[in-house]
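**Student:** quick one, structure for this:
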Amino acid sequence: MLELEGQENDKRVSVQLMSTESAILAAASRIYAAYISNGSVEPGQEGAFMQAAIKQAAKMSVVVDDFIKAEDEL
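**Tutor:** Coordinates of the predicted model:
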């Protein structure tokens, strides 16, 4: 569990993600859900599969960025 200095008794976590981080989180959560639904994630392996899903989502975002020219990139 993430503990923030001075807030040891408050177990809530507050994060503010940028839009690109939110997009990668959305993709990574779907990849991770697929791992879970096909039975790949065994107890104790959750962290490794989360990291793999995040890396895959980040790689996908780089490929999309290289392949697609957004409106403000014209």
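**Student:** check which residues of the helix ranked longest in the chain are buried.
**Tutor:** With secondary structure taken from DSSP state H, the chain has its longest helix at helix 46-67. Going by neighbour count (16 or more other CB atoms under 10 Å), the buried part of helix 46-67 is 49-50, 52-54, 57. All C-beta spots, glycine's among them, are computed from the backbone N, C-alpha and C.
**Student:** now do it: which elements does it pack against?
**Tutor:** Contact analysis of helix 46-67 by 3 or more CB pairs under 8 Å, 6 or more residues apart in numbering; DSSP states H and E lists helix 19-37 as its packing neighbours.
**Student:** correct me, but Met60 touches Ala27?
**Tutor:** Yes: between Met60 and Ala27 there is a contact under CB atoms under 8 Å: 6.2 Å.
**Student:** distance of Pro43 relative to Arg30?
**Tutor:** According to CB to CB, to the nearest Å, Pro43 stands 22 Å off from Arg30.
**Student:** if I pick Ile54, what's in contact with it?
**Tutor:** By CB atoms under 8 Å, 6 or more residues apart in numbering, the residues touching Ile54 are 24, 28.
**Student:** now do it, the pLDDT please.
**Tutor:** What the model reports as pLDDT for Ile54 is 98.
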